[in-house]
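A.B. asks: Fold the stuff below for me.
(chains A, B, C and D)
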There are 4 protein chains.
Amino acid sequence: MKVEYIEDFQKWEEGFSFYHEINVRFSETDMFGHLNNTVPFVYFEQSRIEFFKAIGFMQEWVRVDQDTIPVVADLQCDFLQQVYFDETLRVYVKAATVGVSSVDIHYRGVNGEGKAVFVGRGTMVQMSRKTGKGHPWEDGQKERLLR
Amino acid sequence: MKVEYIEDFQKWEEGFSFYHEINVRFSETDMFGHLNNTVPFVYFEQSRIEFFKAIGFMQEWVRVDQDTIPVVADLQCDFLQQVYFDETLRVYVKAATVGVSSVDIHYRGVNGEGKAVFVGRGTMVQMSRKTGKGHPWEDGQKERLLR
Amino acid sequence: MKVEYIEDFQKWEEGFSFYHEINVRFSETDMFGHLNNTVPFVYFEQSRIEFFKAIGFMQEWVRVDQDTIPVVADLQCDFLQQVYFDETLRVYVKAATVGVSSVDIHYRGVNGEGKAVFVGRGTMVQMSRKTGKGHPWEDGQKERLLR
Amino acid sequence: MKVEYIEDFQKWEEGFSFYHEINVRFSETDMFGHLNNTVPFVYFEQSRIEFFKAIGFMQEWVRVDQDTIPVVADLQCDFLQQVYFDETLRVYVKAATVGVSSVDIHYRGVNGEGKAVFVGRGTMVQMSRKTGKGHPWEDGQKERLLR
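C.D. replies: Sure thing, here's the model as predicted:
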């Protein structure tokens, strides 16, 4: 396997600590008998939100009077192993790099045997509803993203 | 088959004229090889909206400044035949009965051979965001629902 | 609220003991700001499967060499309260009545304040792949469903 | 916008001819009021399948007795413009490059104003169920993919 956003797989794996556990639903399988390949992106979203909740960002973004919202700029996933109904996956999330108002989030889905079943990444931008442009991270936010 | 909301199946079938055509997606199948049973409710929603667009209701409901929104009170589906990937279904929709601020919508999904694969119904209420209560249909709306 | 399959709501509620906990995903909301009404059926499926796992039925049904599979005959849901992103729901499941090869499953989704947000039911049939007909429950299975 | 898999955007756009038209469902929006970002991958799958049907590949892959199946190796999407409920999108599909048993598929979602709302790509491999390895394209298949 070669994945462009991973230089050294072992080192990359070690950079994760946060994870969210997800059980594969029956409705998420398809007629080929495994997890449909559109579903890991749902898992990414859910796990990313749990990550943002854990560092206190999500609470702000869903406030009705809040100007800033998170916007997904891109998403990608590399499928490494088949995933089946009822497997419990740990979806690890980390901020790989942080820009002025953006963050590159990496993902690593691991099955019960500790094998990576899919990996991924995507850039998120903190946007201002008013200006429609990126809204810079405030003091302390970069640190919280990267700790 | 006996379905409590259908007295005479043939007569009931004849009451439909509006339909929306839907192609079964691969991601909507499951590992049992057929359409997952949660998906017909997605088809009901889509077809119901097309029905409401056809009679000019939906345009109002999605306006940001609009007070009234459609609220689904209940939904049910009876699964009559297996449905498979790539089948094209006609989902028929009709207003079976109309109340002061509600409407009982019936559904009938038909496959390429003309067979009913699932049938269903559900009550929708036109609700006022302000009062949180049902908002009576205006003059002409009942007629448009039932024509 | 009057729901035809519930005679005495309090008594009905007391009949549940098994539940599965589900966190509302962001992707399961819609532009009206709440849980999309097609999603409780996904929760029903997931919770029903957890119920069947808990009593040892599911393990049989997903075996490749197994002749019998569970088939959903009908499903219905009554929506009682709005459900929002990130709420944690307990979806209670019970076998209300058991037939020769079928079972009527009831559902009750409860939010963090202990309020029922949706209730539902649906008949499932244990079908034989070979005959395409209902396959009678074996000795002990009825008891396990109802205990 | 810079997307790594697109060198010259205009030239890249001109390489598409096949497209599949999709109407954005209400259930595909989220509480931020637009298309949830996990859904374009569903559109990619559906449009890719229509593409494969159009060139006669899909019919083979879904045959029960067939040894080869298409396996998605990776997927990515760049989100360029907001997409809203009820928009009709054309999702263009093309084979960008073809390997021995794989193909790099590119996607371009276009709204009613002719603007690209999302673009994407992903590698698919024709796999043999028996060997679990890539199964080389047969004579004529490469040509059909690229024409």
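A.B. asks: Please enumerate the strands of chain A.
C.D. replies: A:18-23, A:68-72, A:74-79, A:88-98, A:102-110, A:116-128 (DSSP state E).
A.B. asks: so what strands line up beside the fourth one?
C.D. replies: With DSSP bridges as the criterion, the sheet partners recorded for strand A:88-98 are strand A:18-23 (antiparallel), strand A:102-110 (antiparallel).
A.B. asks: what does the last one contact?
C.D. replies: This points to strand A:102-110. A:5, A:12-13, A:15-16, A:19, A:40, A:43-44, A:47-48, A:51, A:73, A:77, A:83, A:89-98, A:116-126, A:134, A:145 (C-beta atoms under 8 Å, 6 or more residues apart in numbering or on different chains). Every C-beta, even on glycine, is put in place using the N, C-alpha and C of the backbone.
A.B. asks: same check, this time on stretch A:136-147
C.D. replies: With C-beta under 8 Å, 6+ apart as the criterion, stretch A:136-147 contacts A:55-57, A:95, A:98, A:100-101, A:103, A:126.
A.B. asks: Up against chain D, what does chain A have?
C.D. replies: A:3, A:31-32, A:36-38, A:41-42, A:44-45, A:62, A:69, A:71-79 (C-beta under 8 Å from any C-beta of the partner chain).
A.B. asks: contacts with chain C among those, please.
C.D. replies: A:42, A:45, A:62.
A.B. asks: The closest residue to chain D within chain A and chain C, how far apart?
C.D. replies: The nearest approach of chain A to chain D comes at residue A:76, 3.3 Å away (C-beta to the nearest C-beta). Distance, residue A:76 to chain C, by C-beta to the nearest C-beta, to the nearest Å: 17 Å.
A.B. asks: Could you do residue A:74 as well?
C.D. replies: 17 Å.
A.B. asks: Likewise for residue A:84?
C.D. replies: As judged by C-beta to the nearest C-beta, residue A:84 and chain C stand 9 Å apart.
A.B. asks: Test my guess that that residue contacts residue A:34.
C.D. replies: Yes - contact criterion C-beta atoms under 8 Å: residue A:84 and residue A:34 qualify, at 5.6 Å.
A.B. asks: With neighbour numbers in mind, choose between those two.
C.D. replies: A side-by-side neighbour count of residue A:84 and residue A:34, using other C-beta atoms under 10 Å in any protein chain shown, places residue A:34 first with 19 against 15.
A.B. asks: re earlier: most packed of the strands paired with strand A:88-98?
C.D. replies: Comparing those by mean neighbour count (mean count of other C-beta atoms under 10 Å in any protein chain shown), strand A:102-110 ranks first with a mean of 22.
A.B. asks: C-alpha coordinates for that one, PDB please?
C.D. replies: What follows is strand A:102-110, C-alpha atoms only, in PDB (Å, rounded to 0.1, in the frame of the first residue of the first chain):
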ATOM      1  CA  SER A 102      -8.000  25.500   8.300                       C
ATOM      2  CA  VAL A 103      -7.000  22.100   9.600                       C
ATOM      3  CA  ASP A 104      -5.900  18.900   7.800                       C
ATOM      4  CA  ILE A 105      -7.700  16.000   9.700                       C
ATOM      5  CA  HIS A 106      -6.400  12.400   9.300                       C
ATOM      6  CA  TYR A 107      -8.400   9.300  10.000                       C
ATOM      7  CA  ARG A 108      -7.600   5.700  10.600                       C
ATOM      8  CA  GLY A 109     -10.200   3.000  11.000                       C
ATOM      9  CA  VAL A 110      -9.000  -0.100  12.900                       C
END
